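Engineer: With the input below, show me the fold.
(2 chains)
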Amino acid sequence: MIALIGNPNTGKTTLFNRLTGLRAKTANFPGTTLERRMGTLIAGGRRVDVLDLPGLYGLNAGSLEERVSRDALLGNDGHRKPTAAIVVVDQTHLARNLYLVGQVRELGVPLVIALNMSDLAGAEGLRVDTATLERELGAPVVAISARAGTGIPALVEALEPLLAGTATTAPLPPALAQGSCSNCAGCAHNAARFDWAEDVATRASEGAPHLSARRTAALDRVLAHPVAGLVAFTVVMAALFVILFGLAELPMGAIERAVAAFGDGIGARLPDGDLRSFVVDGVIGGVGGVLVFLPQICLLFFLLSLLEDSGYLARAAFVMDRLMGKVGLPGKAFVPMLSAHACAIPALMSTRVIEDRRDRLVTILVLPLLTCSARLPVYAMIAALLFAGQPLLGGAMFAGAYALGIVAALTMAFVFKRSLLKGESQPLVLELPTYKMPSLRDAAMAAFDRGAVFLQKAGTVILLISIGMWALSTYPKLSDAELAAAMPAAAREEAAAARATGSAEGNARAATLEAPTRLEHAAAGRVGKAIEPLFAPLGFDWRIDIGVLSSFAARETLVSTLAVVFAVGEDEAESASLREALRAQRRPDGRPLFDTATAASLLVFFALAMQCLPTQAVTRRETGSWAFAAFQFVYMTALAWSAAFVTYQGLSRVLG
Amino acid sequence: MKVDFTCDLATLPEGQPARIEAIDARDLDLARLEVMGLCAGRTVEVAKTGDPLIVRVLGTRIGLAASLARAIRVRTGD
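Structural biologist: Residues are numbered from 1 along each chain as shown, chains lettered A, B, ... in the order given. The predicted structure is shown next:
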């Protein structure tokens, strides 16, 4: 096995992709939530595993990444010891990169230096002498350009003697040999390493990357400016958002239609009954529920990869640091919070950029409060109920719902940073890399990789949940006699008349009329009734409660469940007929069910409640503990209940 | 005539190279600074003042909270 190590922003990921292609597997380092990527390459006719270590500046064991990487290189703690290491070095920032090379040398792992960014250096007239470097470092040095794909075969060739064990190990450079230490913050040996790195870099290179340095400084005068930088940030993030919603819409619609058509096709070949219902509504519906997230997830990571690669993402964190600092979070927490407006799942996956564990946990806890796109169908339904024909008021309601999510998330972050996960926020120390053209190839790889992780980890959970929800709303089943006895007289007669026509439409109408009674007596309906007292103070009756329960698989399910509960055909769920059906519902005392207070209370509840089991599964995966997922559920539900309670009770009093 | 002086990194004028003499921060921050090359003995320069500010060390630009920059004592001249 070969370990790949290097500073952040050195093109290490690009090189990993070049060496291993699409054969990489993503898992976690044992006992951590730190991601571990493995691939294979062919060297000297043999397949060799390649381990991609996290990008880091040193091995001082100050951070989790540094500790794990050190253990992985040494084969400590159950890690497989690598035969050799490739250290990726950005030759336009030689001195900084050589510090890490020095530390890897001290560990005694045989290594090859991949001297990256040859194309950039050449364009800038920077010359690095590989022979001098080889002599000073005591290791083979191969000039490459991971982006252009040059020098890769020579790099693999240089690995062969190391893998075969025929390479001779050069003695450690005297400057590094004074004595190794693992955690030497402030000790003199560390200063000696930096002196050595600067000295070697000076002797091995001629010229400097003036052009890109000047360009970077000029761009930073705008993009890192306290005012202009914030304006630029707003523009970039707005563009990200527009692209994300605009472009993902098409494939999402296509996936939904394809899954529906596939379900209809399979359904037509199966006999009417439990099996058909299970396959079409449980399994195929569940798979559709997984796949529909994919376009947004892939697109988000594609765009984030481009932004990161270009160097801009570091500036976004830089300009947001002071603002985010007011609630105790680092600037880096802003990108996940923005992504959460599309879907909390990719946002949770992108919190890995936050170094401090407490900051990361707080961000994870509050992310699902932000208005994800699954809430939009629910909001649209409520807007239609409250403000039909008043687009301005409807728009204001949407804006208010978004604002509620943002205010709630920032407030809870502030509260958590001062209570549960108390700790001073980490003051900013962040490399602002040189701006460069981002690589489309790497962005596509990142999108593919994240999509695959999502399908593997979240997909199976989402599928299981939707099968579970299908079972709860189907079983126990009523016999025909029980069904007839339980149905309201008017619906029973209409259904019998519809069925008597013998036409397909008649049968469908009868099924629609029977659906509310079936659901009422299935587990979901029984639970809905059982929990009615719990939600009655919010203005919900047991029928809304069934909708609330079903939305735990995915929030937008509320709309289709209410369509079933109120005997509107599912196909009509988004049309005006659902609105009319909802408006027509009465409480036992004759008051309308969906009055303003109830609709507003439902809106507030959906804005704040943790009603997404897939998100919970990802929270567990990202925090490594069910306790955090459980806490997230409890605090959000309590918050949502309390806010909806205040809304309902307040509005019913004011509106009388 | 040029006068050498000691100050903290947050008050060092833009473009003026200086050498880090000492850092007074929590161990955790010390480790984060050190691995970026912000430790005693290195030469730094402020590329852009403000909070956060941008400093240059070992040929790279580092965004740095002013609270940390104030903890870094530097001396100009050699």
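Engineer: what does the stretch 151-300 of chain A have sitting close to chain B?
Structural biologist: A:183, A:185-186, A:190-191, A:194-195, A:197-198, A:208, A:216-217, A:220-221, A:224, A:226 (Cβ under 8 Å from any Cβ of the partner chain). Just so you know, the C-beta spots here come from the backbone N, C-alpha and C atoms, and that holds for glycine as well.
Engineer: Select from those the one having the most neighbours.
Structural biologist: In terms of neighbours by other Cβ atoms under 10 Å in any protein chain shown, those top out with A:A224 at 26 neighbours.
Engineer: And that one, how far from A:L432?
Structural biologist: Noted for A:A224: a distance of 7 Å to A:L432, by Cβ to Cβ, to the nearest Å.
Engineer: likewise A:T132?
Structural biologist: The value you get for A:T132 to A:L432, if Cβ to Cβ is used, is 29 Å.
Engineer: one step back: just the ones in helices from the residues of the stretch 151-300 of chain A next to chain B, please.
Structural biologist: Of those, the ones assigned to helices by DSSP state H are A:N190, A:A191, A:F194, A:D195, A:A197, A:E198, A:T216, A:A217, A:D220, A:R221.
Engineer: what does the helix or strand of chain B with the lowest mean pLDDT rub up against?
Structural biologist: When each helix and strand of chain B is scored by mean pLDDT, DSSP states H and E, helix B:27-35 comes last, with a mean of 88. Residues outside helix B:27-35 that contact it (Cβ atoms under 8 Å, 6 or more residues apart in numbering or on different chains) are A:56-58, A:60, A:62-63, A:66, A:183, A:185-186, A:190, A:426-427, A:429, B:23, B:25, B:39, B:68, B:71-72.
Engineer: so of those residues, which ones are in strands?
Structural biologist: A:V429, B:I23, B:I72 (DSSP state E).
Engineer: what residue is smack in the middle of chain B?
Structural biologist: B:L9 (4.2 Å; Cα atoms, centre = their mean).
Engineer: ok, now which ones touch that residue?
Structural biologist: Contacts of B:L9 (Cβ under 8 Å, 6+ apart): B:A18, B:I20, B:V44, B:V46, B:L53, B:V55, B:L64, B:A69, B:R70, B:I72, B:R73, B:V74.
Engineer: which of these sit farthest apart?
Structural biologist: B:L53 and B:R73 (15.6 Å; Cβ to Cβ).
Engineer: Compare these two (neighbour count), which wins?
Structural biologist: Shown here are B:L53 and B:R73; by other Cβ under 10 Å, B:L53 has more neighbours (23 against 16).
Engineer: quick one: contacts for the more buried one?
Structural biologist: So B:L53 contacts B:L9, B:A10, B:V46, B:G63, B:L64, B:A66, B:A69 (Cβ under 8 Å, 6+ apart).
Engineer: List the residues that contact the residue nearest to the second one when sequence neighbours are not counted.
Structural biologist: The shortest distance from B:A10 to any non-neighbouring residue, by Cβ to Cβ, 6 or more residues apart in numbering or on different chains, is to B:A69 (3.9 Å). With contacts taken as Cβ under 8 Å, 6+ apart, B:A69 has the following neighbours: B:D8, B:L9, B:A10, B:L53, B:V55.
Engineer: Could you check the pLDDT of B:A69?
Structural biologist: pLDDT, B:A69: 96.
Engineer: Ok, B:A10 next?
Structural biologist: 95.
Engineer: Helix, strand, or coil at it?
Structural biologist: Using DSSP: H, G, I helix; E, B strand; the rest coil, the structure places B:A10 in coil.
Engineer: Looks like it contacts B:A66 (just checking).
Structural biologist: Yes. In this structure B:A10 lies within contact range of B:A66 using Cβ atoms under 8 Å: 5.0 Å.
Engineer: follow-up on the earlier one: can you check which residues contact both of A:A224 and A:L432?
Structural biologist: A:R315, A:F318, B:I54, B:G63.
Engineer: Widest-spaced pair of these?
Structural biologist: Checking the shared contacts of A:A224 and A:L432 with Cβ to Cβ, the most distant pair is A:R315 and B:I54, at 10.0 Å.
Engineer: More neighbours: which of those two?
Structural biologist: A:R315 (28 against 22).
Engineer: Just confirm the more buried one is within a strand.
Structural biologist: No. Judged by three-state DSSP, A:R315 forms no part of a strand; its state is helix.
Engineer: Please work out how many residues are found near the residue nearest to it when sequence neighbours are not counted.
Structural biologist: In space, and not counting its chain neighbours, A:R315 is closest to A:L223: 4.7 Å by Cβ to Cβ, 6+ apart. By the criterion of other Cβ under 10 Å, A:L223 has 23 neighbours.
Engineer: Between A:R315 and B:I54, which contacts overlap?
Structural biologist: Shared contacts of A:R315 and B:I54 (Cβ under 8 Å, 6+ apart): A:D220, A:A224, A:L432.
Engineer: Tell me how far the first one lies from A:V227.
Structural biologist: Okay, so that is A:D220. Taken as Cβ to Cβ, the span from A:D220 to A:V227 is 14 Å.
Engineer: go on, the last one?
Structural biologist: For A:L432, the distance to A:V227 (Cβ to Cβ) stands at 18 Å.
Engineer: low-confidence ranges in the chain?
Structural biologist: No chain in the question, so chain A it is. For chain A, the stretches flagged by pLDDT under 70 are A:33, A:61, A:178-188, A:569-576, A:656.
Engineer: hm, I was asking about chain B
Structural biologist: B:1-2, B:78.
Engineer: So which bits of it are right by chain A?
Structural biologist: Residues of chain B lying near chain A (Cβ under 8 Å from any Cβ): B:23, B:27-42, B:47-48, B:50-52, B:54, B:58-65, B:67-68.
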